[in-house]
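# build me a model from this:
(one chain, ligands or ions: 1)
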Amino acid sequence: MRSENKYNALITGVGMYVPEKILDNKYFEALIDTNDEWILSRTGIKERRLLENGATSDLAANAILDLLKSKNMSAEEIDVIIVATVTPDMFFPATACLVQNKIGAINAWGFDLSAACSGFLFAFQTGASLVESGMYKKVVVVGADKMSSIVDYTDRNTCILFGDGASAVLIEPSEDKSVGLQDFILRVDGSGKDSLHMLAGGSLNPANHETVDKKQHFIYQDGKAVFKVAVKGMADVSYELIQRNNLTGDDIDWLVPHQANLRIIDATAERVGMNKDKVMLNIAKYGNTTAATIPLCLTEYYRDGKLKKGDKVVMAAFGAGFTWGASLIVWGID
Ligand code: UT7
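Take a look at the predicted model:
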């Protein structure tokens, strides 16, 4: 549970960027043995975006610039940039440094955080802690992934699932404790490493001809195994979070689940007792954008006027590691 802080961490701004190029399900029919009906019924995905030129830092920088524009704020005001990603531009320097340089955030420090599809939640919690401690006033958390850079477009089990995108939130301190971050549960279990990973390129299996020939620089996923633990993981922590705050599914205005599979999302909503009309979705348009799915939902629903001040929101995610968690926030901007 949370300790008492003077401030609550409050999301005070949002921004997003998705590349223009759309890959619809038909595109994959020409590439691999699949069809629109299978993809839509098994995953809920209709299309996803592809970044043709550029890297994850470009996605992240554009999302932050969109945030700054909507807040009429200068990049120089940013104290910290946290980039949640599994597709950094390179091992080092950190993508956060490249983003800092691209947007001209000359007073910021920052770092990358690797928690795969739970990346945004883990980074949000980290950024929130920096704000709640009273040390920093303007922390930007951006979930950004160029998944197309690690997808094997001959593997029908994975290539239809992922898309490129980024979305950012600004976290600031709030003395009003009725809004902002209320509670969270985060978990990791490294015994899940064999079900979802990119095997090579790190210190365990440095890149060589063999790792390339064996396609070990691409995502591998045992979809069935991950499906089961994803539903249980997301549902368990969401349910525990709601219960220990003396709430029920009826009290929650929005569930914002990581967008990996519509069937996982539906099962999670059912297990925490929430109607489907209170579940944020963007999987049909963007597929699985890894660290970007949750903030993309927040940004679009807020800008569409559906996410309103005072709304109780549960964000929940599950990803490689395994990593998973849930956060309870009260939306605080008009
Ligand atoms: O974001 C991080 C966490 N990741 C997740 O949460 C993903 C969790 N897993 C999933 O979402 C699902 O397991 C998938 C969407 C990846 C796969 O759906 P599934 O219903 O579990 O399918 P499956 O893997 O059990 O495959 C069923 C059949 C297989 O054929 P056989 O063996 O029954 O002949 C697959 O080869 O569907 C086949 N298949 C496909 N068919 C057409 C697999 N991919 C495709 C495809 N098009 N793209």
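# only C-alpha atoms from now on, for both contacts and neighbour counts.
Noted.
# quick check: mean pLDDT of stretch 227-240?
Averaged across stretch 227-240, pLDDT comes to 95.
# gap between L307 and R49?
24 Å (CA to CA, to the nearest Å).
# all helices of the stretch 51-200 of the chain, in order?
Using DSSP state H, counting those that start in this stretch, the helices of the stretch 51-200 of the chain run over residues 56-71, 95-103, 119-132.
# mind listing what's buried in the second one?
To tie it back to what came earlier, the one meant is helix 95-103. Residues of helix 95-103 classed as buried under the neighbour-count rule (16 or more other CA atoms under 10 Å) are T95, A96, C97, L98, V99, Q100, I103.
# check stretch 142-154 too.
V142, G143, A144, D145, K146, M147, S148, S149, I150, V151, D152.
# re the thing from before, ok, and of the buried residues of helix 95-103, which contact the ligand?
By CA under 6 Å from any ligand atom, no member of those lies near the ligand.
# redo the residues you listed as CSV? Include distance to D176.
Formatted as CSV, those follow (distance: CA to CA, whole Å):
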residue, distance to D176
T95, 33
A96, 30
C97, 33
L98, 34
V99, 31
Q100, 30
I103, 31
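# in the residues you listed, find the pair that's most separated.
By the measure CA to CA, T95 and I103 form the most distant pair in those, at 12.3 Å.
# and for D189, the neighbour number?
The burial count assigned to D189 is 11, neighbours taken as other CA atoms under 10 Å.
# return the residues in contact with it.
D189 makes contact with G321, F322, T323, according to CA atoms under 8 Å, 6 or more residues apart in numbering.
# just the ones of those residues in strands?
Among the contacts of D189, the members found in strands (DSSP state E) are T323.
# kindly export the helix ranked longest in the chain (C-alpha atoms) in PDB.
Across the chain, the longest stretch assigned as helix under DSSP state H is helix 223-244. Provided in PDB are the C-alpha atoms of helix 223-244 (Å, rounded to 0.1, in the frame of the first residue of the first chain):
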ATOM      1  CA  GLY A 223       0.800 -17.200 -27.500                       C
ATOM      2  CA  LYS A 224      -1.300 -19.800 -25.700                       C
ATOM      3  CA  ALA A 225       0.800 -19.900 -22.600                       C
ATOM      4  CA  VAL A 226       1.000 -16.100 -22.400                       C
ATOM      5  CA  PHE A 227      -2.800 -15.700 -23.000                       C
ATOM      6  CA  LYS A 228      -3.600 -17.700 -19.900                       C
ATOM      7  CA  VAL A 229      -1.300 -16.000 -17.500                       C
ATOM      8  CA  ALA A 230      -2.100 -12.500 -19.000                       C
ATOM      9  CA  VAL A 231      -5.800 -12.900 -18.200                       C
ATOM     10  CA  LYS A 232      -5.100 -14.200 -14.700                       C
ATOM     11  CA  GLY A 233      -2.400 -11.700 -14.000                       C
ATOM     12  CA  MET A 234      -4.300  -8.600 -15.100                       C
ATOM     13  CA  ALA A 235      -7.600  -9.700 -13.500                       C
ATOM     14  CA  ASP A 236      -6.000 -10.600 -10.200                       C
ATOM     15  CA  VAL A 237      -4.200  -7.400  -9.600                       C
ATOM     16  CA  SER A 238      -7.100  -5.200 -10.900                       C
ATOM     17  CA  TYR A 239      -9.500  -7.100  -8.600                       C
ATOM     18  CA  GLU A 240      -7.200  -6.800  -5.600                       C
ATOM     19  CA  LEU A 241      -6.700  -3.100  -6.200                       C
ATOM     20  CA  ILE A 242     -10.400  -2.400  -6.500                       C
ATOM     21  CA  GLN A 243     -11.200  -4.400  -3.400                       C
ATOM     22  CA  ARG A 244      -8.600  -3.000  -1.100                       C
END
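# after that helix, next one along is what?
Next in sequence after helix 223-244, counting helices and strands by DSSP states H and E, comes strand 254-257.
# run through this structure and note the low-pLDDT ranges.
Residue ranges of the chain with pLDDT under 70: 1-3.
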